[in-house]
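>>> got a sequence here, can you model it:
(chains A and B)
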Number of protein chains: 2
Amino acid sequence: MDKNTIFLSHGSGGKQSQELLELIYNTLNEVVINHGEDSGVFQAVEGKAAITTDSYTVDPIFFPGGNIGKLAICGTTNDLAMVGAIPKLITLSLMIEEGFSFDDLNKILISIKDETKKGNISIIAGDTKIVSRGKIDKIFINTAGYGVLATNESISSKNAKPQDDVIITGDIGDHGASIMAYRNGFESSLKSDCANVAPLIKALLEQEAIIHALRDPTRGGLASILNEIVASSKVNIILEEERLPIKESVSGVCDALGIDPLYMACEGRAVIICPQDETNEVLKILHNEPLGSNAQVIGRVTERSDTPKLFLKTFIGAKRILPLLSREQTPRIC
Amino acid sequence: MDKNTIFLSHGSGGKQSQELLELIYNTLNEVVINHGEDSGVFQAVEGKAAITTDSYTVDPIFFPGGNIGKLAICGTTNDLAMVGAIPKLITLSLMIEEGFSFDDLNKILISIKDETKKGNISIIAGDTKIVSRGKIDKIFINTAGYGVLATNESISSKNAKPQDDVIITGDIGDHGASIMAYRNGFESSLKSDCANVAPLIKALLEQEAIIHALRDPTRGGLASILNEIVASSKVNIILEEERLPIKESVSGVCDALGIDPLYMACEGRAVIICPQDETNEVLKILHNEPLGSNAQVIGRVTERSDTPKLFLKTFIGAKRILPLLSREQTPRIC
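Model (predicted):
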């Protein structure tokens, strides 16, 4: 029996299942706080808490700047951060195709461990399923996260208000463009921005910055999540093209593929919508953090609207609508 | 465009994504407590809480007695119950193959809604991914659960003690046997036992029954989870064949397939290990509950052991070891 290969029997609930679970447990070790029980138990504190979930089906599973394991931790901690929560606990469910290699699993687990440790989070529960060959593509990962709110203010996509500034914490579209470049065999030095932005949000909340809305521009990119915010808050937003931080290499990939970088996923950025008189303070805090050094204002909430829209003011001063798209441009980007 | 078909664009983050999410939200409606945010926020109470996760890849997705949606709710509430927790919140992540039908999705969502409502649980966060044709088999579901502990006593698979009784709340192997019968085209009236056993455990804990260990015998069946308990608690357990409640139809399927029913998954049963002098009280409480009407003692913890083993005392009085199996007999049973 090939020792580097995962077989169906590793998901049987029997002897080889236990061997696989022990291997996973031993690799993750210090970041796991539950071993051998169906659920993990912890001491909850009174107050507002947040829970989220995401399944990751990214293709390829290893990409420049990360892999599906790192993404599965960062994506979920970021979702917690977007409601103002400090991530505390995470669950880890692996769905693995029969024939997958232990070497690849090990690399993914090590990324998971590193990212979990760096984020000061613990893995409280896990699950592993093995699916027959051809019934799943290599490996999918689900993580659910639990965090504790660091603010009593309501941060919500319903909460953007006229005259608020729209800030982005870094360059746009790196994750999507680097995956698409890799998939299409383009020569490129591009890397995914995949990162945990929770420490950035924590810094803002600890310094009592007032934030109205937060969102990480993942699937569908900046334009899609801002479309959700304008719809939820019933406001118009205008972005200024000349202020948008987009790497030339990202534009290059997007041009070649005919995709607007504003619809390209980021995995380590946040969009922050805050009152104008908070902007300087917010930027000052962000600029002190490595992940926020390139943070900048990219637009403004202009007015309330019953037909909410996202606009782009172009370099030449024209104003055009950035709609929600109705076709899939970048499948399995996360 | 076929209106009953899910396309890749339903996972794009764009317009059709939002239409799919609205449909899911509208179907689940009253059991969902978060709409449109990356994480759901709730008021946590101080005290011990439990978190668990499970991904469901069962094949077929519709089976006698349930479907993947019902299973995804019951499986996770059951895992919470197994540490003595009352399930409160659940997350729902759908991974769907391109080409899946809205009709089937709707049936699954209605089961999810029914089971969630019956279990007095809310869905606090969700996620939907669409995966290209052939890269996933129809639909996989991950649920993570959050519950609040109903006891201060430690219920753990490490906690089985010599002279404890081993109780099962109902017949053995119905889920596994009914799925295997269905897959193999056997004529059978068998149904999965798929059910939420949390109310059963809640009844025991509310009446302050003393329980040492709890486990639901899913993947790998009764023999596998008891093997885990003997290993964790470092004890021997002996089961009595003549006391094991196994339906004739389950035995029939198992005989035809050459599988021991003791290794067949249940999805609506619990194994309860409790001190002998608690047994009468435990059985009385269980027998008052519809799901526990057939509960009975099936064995006993005999002694501490450094080489822990699970034994079966057969009808003819012989004693044989029930080992952990090392091959997969029933892939994708849950």
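
>>> does A:Leu71 touch A:Gly268 like I think?
No: with contact taken as C-beta atoms under 8 Å, A:Leu71 and A:Gly268 are classed as non-touching, separated by 9.9 Å. Every residue, glycine included, has its C-beta placed from N, CA and C.

>>> who's more crowded, those two?
Counted by other C-beta atoms under 10 Å in any protein chain shown, A:Leu71 and A:Gly268 do not tie: A:Leu71 has more neighbours, with 30 against 25.

>>> overlap in contacts, A:Leu71 and A:Gly268.
Common contacts of A:Leu71 and A:Gly268, defined by C-beta atoms under 8 Å, 6 or more residues apart in numbering or on different chains, comprise A:Ser192, A:Cys194.

>>> and A:Val148, how many neighbours?
Using other C-beta under 10 Å, A:Val148 has 18 other residues around it.

>>> and for the one 10 residues further on?
As a burial measure, the neighbour count of A:Lys158 was computed by other C-beta under 10 Å and equals 17.

>>> relative to A:Glu228, how far out is it?
A:Lys158 sits 10 Å away from A:Glu228, going by C-beta to C-beta, to the nearest Å.

>>> what touches both of those two?
B:Gly36.

>>> excluding its backbone neighbours, what's nearest A:Pro199?
Nearest residue to A:Pro199, sequence neighbours excluded (C-beta to C-beta, 6 or more residues apart in numbering or on different chains): A:Glu289, at 6.8 Å.

>>> with A:Ala295 instead?
Using C-beta to C-beta, 6+ apart, the closest residue to A:Ala295 is A:Leu286 (3.8 Å).

>>> residues of the helix or strand containing the one you found that come out buried?
In this assignment (DSSP states H and E), A:Leu286 forms part of helix A:279-287. Of the residues in helix A:279-287, A:Thr279, A:Val282, A:Leu283, A:Ile285, A:Leu286 count as buried by neighbour count, 16 or more other C-beta atoms under 10 Å in any protein chain shown.

>>> hmm, back to that, who's in contact with the residue nearest to A:Pro199?
Residues near A:Glu289 by C-beta under 8 Å, 6+ apart: A:Pro199, A:Leu200, A:Ala203.

>>> just the pLDDT at it, thanks.
Note on A:Glu289: pLDDT of 95.

>>> likewise for the one 5 residues further on?
Reading off the confidence values, A:Asn294 has pLDDT 96.

>>> ok, back up a step: any idea how far the residue nearest to A:Ala295 is from chain B?
19 Å (C-beta to the nearest C-beta, to the nearest Å).

>>> which residue does the stretch 101-250 of chain A have closest to chain B?
Going by C-beta to the nearest C-beta, chain B is nearest to A:Gly220 of the stretch 101-250 of chain A, at 2.4 Å.

>>> phi and psi next, for that residue.
Dihedral angles of A:Gly220 (phi, psi; degrees, to the nearest 10) stand at phi 90, psi -10.

>>> what's the answer for A:Leu204, then?
Torsion angles, degrees, to the nearest 10, at A:Leu204: phi -60, psi -50.

>>> rewinding a little: wait, the residue nearest to A:Ala295 touches A:Thr169, no?
Yes: with contact defined as C-beta under 8 Å, A:Leu286 reaches A:Thr169; the gap is 5.9 Å.

>>> quick one: common contacting residues for those two?
In contact with both A:Leu286 and A:Thr169: A:Leu200, A:Ile272, A:Gly292, A:Ala295, using C-beta under 8 Å, 6+ apart.

>>> most neighbours, which of those residues?
Neighbour counts for the shared contacts of A:Leu286 and A:Thr169 (other C-beta under 10 Å) peak at A:Ile272, which has 29 neighbours.

>>> not counting its neighbours along the chain, what's nearest it?
Distances taken as C-beta to C-beta, 6+ apart place A:Ile167 nearest to A:Ile272, at 4.3 Å, with adjacent residues excluded.

>>> ok, A:Lys3 - contacts?
Contact analysis of A:Lys3 by C-beta under 8 Å, 6+ apart lists A:Phe102.

>>> so it, which of the three states?
coil (DSSP: H, G, I helix; E, B strand; the rest coil).

>>> and the gap between it and chain B?
Taking C-beta to the nearest C-beta, one finds A:Lys3 at 15 Å from chain B.

>>> do the same with A:Asn288
From A:Asn288 to chain B the distance is 25 Å (C-beta to the nearest C-beta).

>>> isn't that residue right up against A:Leu200?
No: A:Asn288 lies out of contact with A:Leu200 (C-beta under 8 Å); the separation is 9.8 Å.
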